[in-house]
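> Sequence first, predicted model second:
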Amino acid sequence: MNFQRLLSTALALLVFIGFSLAQESDYEIKERFRQTYETLKRDIDSARTRDQMAMLSSRIGALEQEFAEHSKLIAGAFHPKTLESMIDELRDQYTLAQYKNTTIQEQSDKIAALENQIAILNTQIEGLNAEREMLIAQLKSAQTSLAKQRELVKRLRDNLNAKDRLVAALVDSIFLPFGKNLHQLSEVQKEALAQRLEKANILARIADIAQDNITFLGSTKLEAKDYAVLVNQYEQFKNRWSGLKEKLSAAVAASASGTPRAKGKQAVPQTNEAEQVDAALVEWRSKLDASFWAGLMNEFSSRNVAVQPFNDGKSFAASIRSYVESAKQNSDDNTKIFVDEIWIQRIDKDWRGALESESMLGKLEYASLDRLVSQLHKERFNWQIVFWIANVIAVILVGWWFLTRKPKPAQNQEPATAKPNA
């Protein structure tokens, strides 16, 4: 009896141990699946190369095959998910990662090409800087002829314009990979943008352009036809700088919300640097205006035509209107010089291009002044024509009168003697 009891206890113990071992095996299966599944998800997110992506595809297939016989166990453990739905999630995640990696690779190739372009642009800019120094030194030399000086002025002006275009291309190359909305950049993109801006030293290059133009205006004897190009270059630079300031402000905001490394380095240009560019821009405009209006005033003073002094578009228009009104009342030889030699031959031919700029005078105001001066010219011209025509007509009438006048018949002629009749 004791033996039977002992045997029953032993059998019960064996059944309990077997049941416990089976429960522990199910737990291990679930844990092994969970760990493998989560590891795969992390590896898919971090994969960057084609080889890594190919291995992940094989690992997803192997996971599905390994746990296919335990699908019911997994479905119960991860309800409402099933083995099939979790494998499908992995494959969807893999497809998205593959698309992102392909896009990233394409962008990396583009960025590499842009980096090469930036390096080329930097080299070209440095070459223009060296040429600029040489041209300025030659301009300052007293031994150059007038023709040589004009050639140097043109080359220096073209040099500054080329540098301006290159810096604009450099800026576009830096911002192009990051799109228009800089506030939506990832942390990595924010830091990459900050590093590129720092490396290219953008604000220093922009300030250099403004300073170069200030130096150009101070060391060059300009002619009237030069100003149209110079005013246009200034306006284009000002407009580009206005747009760039907005981008830089967005870049500063993006960098400030970025990684501690980006914030610590302060790679993005700061506000005070932008203010330095603004100050250089103001000085550039001031010198350009002073040179322009002084040169235009010299057109009148050098010919002893007394007009009211002017130093901007508004005072220039007032001066011309005042002179025209006075000339209508008291026309003299200076009026002819004003109209023919100054306005028609100089201002309308050489100064008009710059004057029609909206920042100087404007097309509408110039057209209004031109009509006033043309009326003054027309009045003077028409009186001359009338006087000349009157003289010609008088000569013609006198000549016609002499040519067409008939001699009068003689009044005291004796009558003819009558012939005798036969």
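Good, I have the coordinates.
> Can you pull out the low-pLDDT segments for the stretch 151-300 of the chain?
Applying pLDDT under 70 to the stretch 151-300 of the chain flags the ranges 182-183, 188, 249-271.
> can you give me the helices in it?
187-200, 202-219, 226-256, 260-265, 271-301 (DSSP state H, counting those that start in this stretch).
> Now do the last one and helix 226-256, the angle between them.
Computed with axes from the mean of the first three to the mean of the last three Cα atoms, to 10 degrees, the direction of helix 271-301 lies at 170 degrees from that of helix 226-256.
> Spit out the contact partners of Trp241.
Trp241 makes contacts with 206, 277, 281, as judged by Cβ atoms under 8 Å, 6 or more residues apart in numbering. Bear in mind the C-beta positions are built from the backbone N, C-alpha and C, glycine included.
> Go again with 10 Å.
168, 171, 206, 209-210, 248, 274, 277-278, 280-281 (Cβ atoms under 10 Å, 6 or more residues apart in numbering).
> Apart from its chain neighbours, what residue comes closest to the most centrally placed residue in the chain?
Most central in the chain under Cα atoms, centre = their mean is Arg240, positioned 4.0 Å from the mean C-alpha point. What sits nearest to Arg240 in space, not counting adjacent residues and going by Cβ to Cβ, 6 or more residues apart in numbering, is Ala168, at 5.7 Å.
> Kindly report the same for Ile174.
Nearest residue to Ile174, sequence neighbours excluded (Cβ to Cβ, 6+ apart): Arg196, at 4.8 Å.
> Check which helices and strands the top helix by length along the chain is in contact with.
Identified as the longest helix of the chain according to DSSP state H is helix 83-140. Other helices and strands packing on helix 83-140, by 3 or more Cβ pairs under 10 Å, 6 or more residues apart in numbering; DSSP states H and E, are helix 2-46, helix 50-66, helix 71-77, helix 146-175, helix 187-200, helix 202-219.
> so what secondary structure elements neighbour the fifth one?
Same thing as helix 187-200. When contacts are defined as 3+ Cβ pairs under 10 Å, 6+ apart, helix 187-200 packs onto helix 83-140, helix 146-175, helix 226-256, helix 260-265.
> And the shortest one, by the same measure?
The elements that helix 71-77 packs onto, with contact taken as 3+ Cβ pairs under 10 Å, 6+ apart, are helix 2-46, helix 83-140.
> lowest-confidence stretch among those helices?
Lowest mean pLDDT within the helices and strands packed on helix 71-77: helix 2-46, a mean of 68.
> Quick check: the gap between Glu151 and Gly218.
19 Å (Cβ to Cβ, to the nearest Å).
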